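A.B. asks: coords below, sequence missing:
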């Protein structure tokens, strides 16, 4: 049987050549769309991807843009029976409105909200608006409707909502992890409980302390699976209840695997020491088990009656067919009402706006509480204590368990400062001064003060900035500890310091109870003012202006 081919089909004017041309044009627009979105929000996305290298409950939030992109590429396929909007007037109206909203977030809110704009990551609210506007202008409202769920999925990259509920999640996951470790240690050994969640690992001179903090309790892998699995169920075939059952089973599996991870770390620490446990295994064991857990849940899909098959329906056109009437589509507008700019004009408009947003996004570094410290001139370390006139400093605690967050070479020393004379609110005033010394300043942004307090269930009453004499303004926070009904005020700053091992970074945190008898004034604003005044004396003394006594 001979196969007859029509040469005109392959010519420059043939239907196959025209289809290939349209596919190439669509592919080019896809590349441009991804490039302008990534470029416009480059600083925001890089900061979001940094979560992936941390051991926090929000570690896998950095996967959201990647998952959204993958979903969009799949969901963008034409579907039979969908509405068509060939009138580009509506595309321009909707696209320009969405881009104007994204531009407003980037231009108007940073100056108004100051550093809280970055602390609460408001910048990420503009990302889905900008992405939707780009799709509307470059591809049309019809394609925007197809990818509405992937674009809405980008909202899950916003850390702010997680931080409001993460304390409850952490409490449950921590209780479950400690329950599992308590039952597994008698079998495997390797550690013994000292108090609460603190364990002694090893024996003799090699013995060290490990705190199973909430961030190590498996919440990150549970949240990570909800994000990855949530993206997957949008493409899978199956009932909603079956999908929900699969998701929650995956979360339970991740939490269970985390118990095994903790027991394995204790076992390795007991036999091979702290360095092997904390530096060689701890940073990678969680990610490895997360991948294993995801693979197991993929294998279990048939058990839940969920299919991964995605078939093209009858009469559905091939992907990339973006022009012409598609079978089964409902055309709601047949011809343009007014003459509008061409597709090339839309492309130029989007690129220029992306360049403007890229500049605004790069400027957000100045709203990071610790973003300006990298280029400052290094001063002297306060680890050895700073003798402030009128105050007596006493070494209170060497916090060793925090090395798992700030690095093996980090140090955290807590001092108790007491006034040598009576204060306006009582016979004596006192406060804690924490000095955390690290080699990577980015860890201070990763484990920020407000996020830390929210993780522990504390209520942030107010926050702001204050000039204490450092190059970057200090951060001020007032929070309520509901368990003790105490209000605490905090003033904190970060500065580069010069030590015997070279250039490092220090975060100094002043903590004072607002309503404790005989300490600071009962008003939060007065207490913060007092702390700011002390902070200025502390900074001046540490800099040598008043004769510093440092190690």
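C.D. replies: Great, that's in hand. Values in this document were obtained by computation on a predicted structure and should not be read as measured data. Numbers count the residues shown, from 1 in each chain.
A.B. asks: do I have it right that residue 350 meets residue 138?
C.D. replies: Yes. If you go by Cβ atoms under 8 Å, residue 350 and residue 138 touch, sitting 6.4 Å apart. C-beta here means a position set from N, CA and C on the backbone, and glycine is covered the same way.
A.B. asks: how close does residue 147 get to residue 77?
C.D. replies: Plainly put, residue 147 is 10 Å away from residue 77 if you go by Cβ to Cβ, to the nearest Å.
A.B. asks: show me which of these two is the more surrounded one.
C.D. replies: Ranked by neighbour count (other Cβ atoms under 10 Å), residue 147 and residue 77 place residue 147 first, with 21 against 16.
A.B. asks: pLDDT at residue 256, what is it?
C.D. replies: Among the per-residue scores, residue 256 shows a pLDDT of 90.
A.B. asks: that one touches residue 180, doesn't it?
C.D. replies: Yes. Using Cβ under 8 Å, residue 256 is in contact with residue 180, at 7.3 Å.
A.B. asks: these two: which has the busier surroundings?
C.D. replies: Neighbour comparison, residue 256 and residue 180: the larger count goes to residue 180, with 19 against 16 (by other Cβ under 10 Å).
A.B. asks: what number of residues lie near the residue nearest to the more buried one when sequence neighbours are not counted?
C.D. replies: Nearest residue to residue 180, sequence neighbours excluded (Cβ to Cβ, 6 or more residues apart in numbering): residue 259, at 3.4 Å. Using other Cβ under 10 Å, residue 259 is surrounded by 20 other residues.
A.B. asks: ok, residue 155 next?
C.D. replies: Residue 155, neighbours per other Cβ under 10 Å, totals 14.
A.B. asks: which strands or helices does the strand or helix carrying residue 509 pack on?
C.D. replies: Using DSSP states H and E, the element containing residue 509 is strand 502-513. With contacts defined as 3 or more Cβ pairs under 8 Å, 6 or more residues apart in numbering; DSSP states H and E, the packing partners of strand 502-513 are strand 430-438, strand 486-499, helix 524-542.
A.B. asks: mind putting the ones you listed in JSON lines, mean neighbour count included?
C.D. replies: Below are the helices and strands packed on strand 502-513 laid out as JSON lines (neighbours: other Cβ atoms under 10 Å):
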{"stretch": "strand 430-438", "mean neighbour count": "21"}
{"stretch": "strand 486-499", "mean neighbour count": "22"}
{"stretch": "helix 524-542", "mean neighbour count": "20"}
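A.B. asks: by mean pLDDT, show me the worst of the ones you listed.
C.D. replies: Looking at the helices and strands packed on strand 502-513, the bottom one is helix 524-542 with a mean of 77.
A.B. asks: quick one: that one to strand 430-438, angle?
C.D. replies: 50 degrees (axes from the mean of the first three to the mean of the last three Cα atoms, to 10 degrees).
A.B. asks: helix 524-542 packs against which elements?
C.D. replies: strand 430-438, strand 459-466, strand 474-481, strand 486-499, strand 502-513.
A.B. asks: mind putting the ones you listed into JSON lines with distance to residue 126?
C.D. replies: Below are these laid out as JSON lines (distance: least, Cβ to Cβ, whole Å):
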{"stretch": "strand 430-438", "distance to residue 126": "31"}
{"stretch": "strand 459-466", "distance to residue 126": "22"}
{"stretch": "strand 474-481", "distance to residue 126": "24"}
{"stretch": "strand 486-499", "distance to residue 126": "27"}
{"stretch": "strand 502-513", "distance to residue 126": "29"}
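A.B. asks: so which of those gets nearest residue 234?
C.D. replies: Minimum separation from residue 234 across the helices and strands packed on helix 524-542 (Cβ to Cβ) falls at strand 459-466, 34.0 Å.
A.B. asks: and the angle from the closest one to strand 486-499?
C.D. replies: Going by the same axes, to 10 degrees, strand 459-466 makes 40 degrees with strand 486-499.
A.B. asks: for strand 459-466, buried residues please.
C.D. replies: 463, 465, 466 (16 or more other Cβ atoms under 10 Å).
A.B. asks: what's the answer for stretch 232-242, then?
C.D. replies: 232, 233, 236, 238, 242.
A.B. asks: among the residues you listed, which ones are in helices?
C.D. replies: 232, 233, 242 (DSSP state H).
A.B. asks: just the pLDDT for the first one.
C.D. replies: So the one you mean is residue 232. 86.
A.B. asks: and for the last one?
C.D. replies: Confidence at residue 242, expressed as pLDDT, is 90.
A.B. asks: from the buried residues of stretch 232-242, which two are the most distant?
C.D. replies: Top of the distance list for those (Cβ to Cβ): 232 and 242, 12.9 Å.
A.B. asks: rewinding a little: show the average pLDDT along the strand holding residue 509.
C.D. replies: 85.
A.B. asks: sheet-wise, list the partners of that strand with their directions.
C.D. replies: strand 430-438 (antiparallel), strand 486-499 (antiparallel) (DSSP bridges).
A.B. asks: distance between it and the chain's centre?
C.D. replies: Chain-centre distance of strand 502-513: 23 Å, with Cα atoms, centre = their mean, to the nearest Å.
A.B. asks: what angle separates it from strand 474-481?
C.D. replies: Going by the same axes, to 10 degrees, strand 502-513 makes 40 degrees with strand 474-481.
A.B. asks: looks to me like residue 254 is in a strand.
C.D. replies: No. Counting by DSSP: H, G, I helix; E, B strand; the rest coil, residue 254 falls outside a strand, being helix.
A.B. asks: ok, it - how many residues close by?
C.D. replies: 28.
A.B. asks: could I get the contacting residues of it?
C.D. replies: 218, 221, 222, 224, 225, 289, 290, 293 (Cβ atoms under 8 Å, 6 or more residues apart in numbering).
A.B. asks: what two of those residues are the furthest from one another?
C.D. replies: Farthest-apart pair in the contacts of residue 254 is 222 and 289; separation 11.9 Å (Cβ to Cβ).
A.B. asks: which one of these two is surrounded by more residues?
C.D. replies: Between residue 222 and residue 289, counting by other Cβ under 10 Å, residue 222 is the more crowded of the two (25 against 20).
A.B. asks: could you pull out the helices in the stretch 101-250 of the chain for me?
C.D. replies: Under the criterion DSSP state H, counting those that start in this stretch, the stretch 101-250 of the chain contains helices at 109-113, 115-119, 123-138, 141-146, 148-153, 159-188, 219-233, 240-272.
A.B. asks: any idea which of these is most buried?
C.D. replies: helix 123-138 (a mean of 25; mean count of other Cβ atoms under 10 Å).
A.B. asks: fine by me, thanks again.
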